[in-house]
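Trainee: just coords:
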Ligand code: UT7
């Protein structure tokens with residue numbers, strides 16, 4: 001049994017300035033603002049347009065802000081985990097590049113891939129390093145440049161995704177009532193059928209054919225993913241409440257992955273949490289994959305109070321899904 005808890009002690013996010021609005025998408029594919037808003041809740045998303053910038057640059061922006069806010073040096077960080085499905089390159093890890101750009105000279109680092117659930121999977125991993133007592137300052141980043149793997153002639157996917165990054169600092173807390181209390185994480189590899197990037201890995205290495213057929217872009221059968229997402233995100237959320245003897249009324253904030261407003265609403269209703277307690281910014285940023293949850297935390301940071309009970313929950317490619325119960329520590 002661990003005697004320490006891992007608490008989030010700082011949070012920051014970065015989204016690029018360029019906006020891709022629904023009106024702009026109307027000029028690119030056969031879609032409409034009305035269809036996108038009513039089916040997803042998305043009005044616009046941010047796109048990393050500048051050449052020579054990539055996922056690590058957005059991640060480093062968030063990490064730099066954390067260091068400044070917490071008043072610490074990069075050299076004090078022991079470990080950085082970056083959740084992403086859009087690394088700068090297959091190797092080295094984007095986490096290593098973030099460390100290099102942010103001066104984390106004493107940290108070891110690696111990437112973790114769990115698509116939209118990546119941040120929660122990385123948070124759970126980082127939590128355990130802190131609870132071991134050996135690692136005092138761990139940064140968990142969720143960052144994705146989805147625009148780098150989107151086919152902007154495919155209306156099934158291009159309307160949903162955006163770019164962005166968020167990061168949290170985890171530190172030990174001896175007060176057991178604060179910090180990450182519980183987590184349930186799940187995977188089902190049969191989901192590969194409905195959501196994947198077909199080429200670029202060892203099964204289908206890059207070739208002229210894979211490029212011509214746009215096999216390096218996101219492939220998604222939205223309806224199937226939607227059904228899985230609605231039932232599984234709602235279930236895992238209810239499960240974590242039950243395991244911790246919490247009712248919807250006890251929860252101060254629900255922080256759901258931002259994939260579709262209808263999925264968020266179904267999860268909220270099933271968990272019986274009041275609408276005003278749900279963090280929603282999907283209208284501004286779309287689905288930033290591993291970025292959504294830490295971006296929400298950063299945006300709501302000023303409203304969060306020490307002792308607030310938060311339920312984080314996600315669903316994504318893999319399939320991967322999960323829920324984390326944590327108590328805000330500052
Ligand atoms: O975060 C990772 C996990 N991903 C998700 O959670 C995404 C889950 N899925 C979804 O959010 C939804 O399935 C989508 C937003 C992707 C699609 O919404 P939907 O209500 O499931 O639509 P659909 O795919 O069933 O399509 C309904 C109709 C179809 O036309 P027909 O066959 O009924 O004539 C589509 O061709 O809407 C059409 N359609 C569009 N129309 C205008 C599909 N995409 C568009 C579009 N604009 N962009």
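Mentor: Right, received. Where do you want to start? These numbers were taken from a predicted model, which means no experiment stands behind them.
Trainee: give me every residue that touches the closest residue to the ligand within the stretch 101-250 of the chain.
Mentor: When scored by C-beta to the nearest ligand atom, the stretch 101-250 of the chain has residue 222 as its residue closest to the ligand, at 2.8 Å. In short, each C-beta sits where N, CA and C put it, glycine included. By C-beta atoms under 8 Å, 6 or more residues apart in numbering, the contact set of residue 222 is residue 156.
Trainee: Do me a favour and average the pLDDT over stretch 83-99.
Mentor: Averaging pLDDT along stretch 83-99 gives 98.
Trainee: Tell me the span between the first and last residue of it.
Mentor: 14 Å (C-alpha to C-alpha, to the nearest Å).
Trainee: does any bit of that stretch sit next to the ligand?
Mentor: No: judged by C-beta under 6 Å from any ligand atom, stretch 83-99 stays clear of the ligand, getting no closer than 10.1 Å.
Trainee: what residues does the stretch 151-300 of the chain put near the ligand?
Mentor: Counting by C-beta under 6 Å from any ligand atom, the stretch 151-300 of the chain sits next to the ligand at 155-156, 159-160, 222-223, 225-226, 229, 259-260, 263, 287.
Trainee: at 8 Å instead, please
Mentor: Within the stretch 151-300 of the chain, the residues that sit near the ligand (C-beta under 8 Å from any ligand atom) are 155-160, 195, 220, 222-223, 225-226, 229, 257, 259-260, 262-263, 287, 289.
Trainee: Selection in PyMOL covering whichever of those residues are buried, please.
Mentor: Applying 16 or more other C-beta atoms under 10 Å to those leaves a buried subset, and the PyMOL line that selects it is:
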select buried, resi 155+157+158+159+160+195+220+222+225+226+229+257+259+260+263+287+289
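Trainee: can you list the domains in this protein?
Mentor: As recorded under automatic domain parsing, the domains making up the chain are 5-179, 180-278+299-327.
Trainee: Dump the ones you listed to TSV, plus distance to residue 293.
Mentor: Shown next, in TSV, are those (distance: least, C-beta to C-beta, whole Å):
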stretch	distance to residue 293
domain 5-179	5
domain 180-278+299-327	6
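Trainee: Out of the ones you listed, which one sits most buried?
Mentor: Sort these by mean neighbour count, taking mean count of other C-beta atoms under 10 Å, and domain 5-179 sits at the top with a mean of 21.
Trainee: Residue 328 contacts residue 8, doesn't it?
Mentor: Yes: using C-beta atoms under 8 Å as the test, residue 328 is close enough to residue 8 to be in contact (7.2 Å).
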